[in-house]
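**Q** sequence-free structure coming up:
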């Protein structure tokens, strides 16, 4: 059995142990994402940046997240059809919720790693908070039985690359040099 499958079985064994734990997993996997996006919008308003720079952060993060999720992920899923763990192993995986899209790469991982990368490249301290929250969201989706760890890893790689490229081009466009003195 492949390591990826063994890991999804291991993480998914946490599901169904208690209604409270299942509720926390579902909250992290499905709803924490909305809070993170709302927090991002509030954070941008209060960053000690000029109005122009705040718009830059907002637009770059939005573009990177959308391009990675709706562009790259959907292009890959057009050609590669990997069923979700709960569909591939219906008798062995306990799904805490379902999703009908293909599994690889994780759209959540791609979107939120792109967002986290942009935040990190503009403000390291908040970027670390975003990465930690993104890891909670994505690992919870493995525990919930809707993704394999490689789906998350693939999404993370795509998100980080697209987020980094977006910041690179945004900074070149406005003639800004990177500032890592936070």
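**A** Right, received. Where do you want to start? Since this is a predicted model, take the numbers as computed values, not measurements.
**Q** C-alpha from now on. contacts and neighbour counts both.
**A** Will do.
**Q** Buried residues of the host helix or strand of residue 57, list them for me.
**A** For residue 57, the element it lies in under DSSP states H and E is helix 51-66. Under the neighbour-count criterion of 16 or more other CA atoms under 10 Å, helix 51-66 has 54, 56-58, 60-66 buried.
**Q** Against which helices or strands is that helix packed?
**A** Under the contact criterion of 3 or more CA pairs under 8 Å, 6 or more residues apart in numbering; DSSP states H and E, helix 51-66 touches helix 32-46, helix 107-122, helix 149-174.
**Q** can you do 6 Å?
**A** Packed against helix 51-66 by the contact rule (3 or more CA pairs under 6 Å, 6 or more residues apart in numbering; DSSP states H and E) you find helix 107-122, helix 149-174.
**Q** sorry, back to before: out of the buried residues of helix 51-66, which is nearest to residue 31?
**A** Distance to residue 31 across those (CA to CA) is lowest for residue 65, with 17.4 Å.
**Q** Pull up the gap between the closest residue to the closest one other than its chain neighbours and residue 71, please.
**A** Spatial nearest neighbour of residue 65, chain neighbours left out: residue 111 (4.6 Å); criterion: CA to CA, 6 or more residues apart in numbering. Applying CA to CA, to the nearest Å, the value for residue 111 to residue 71 is 11 Å.
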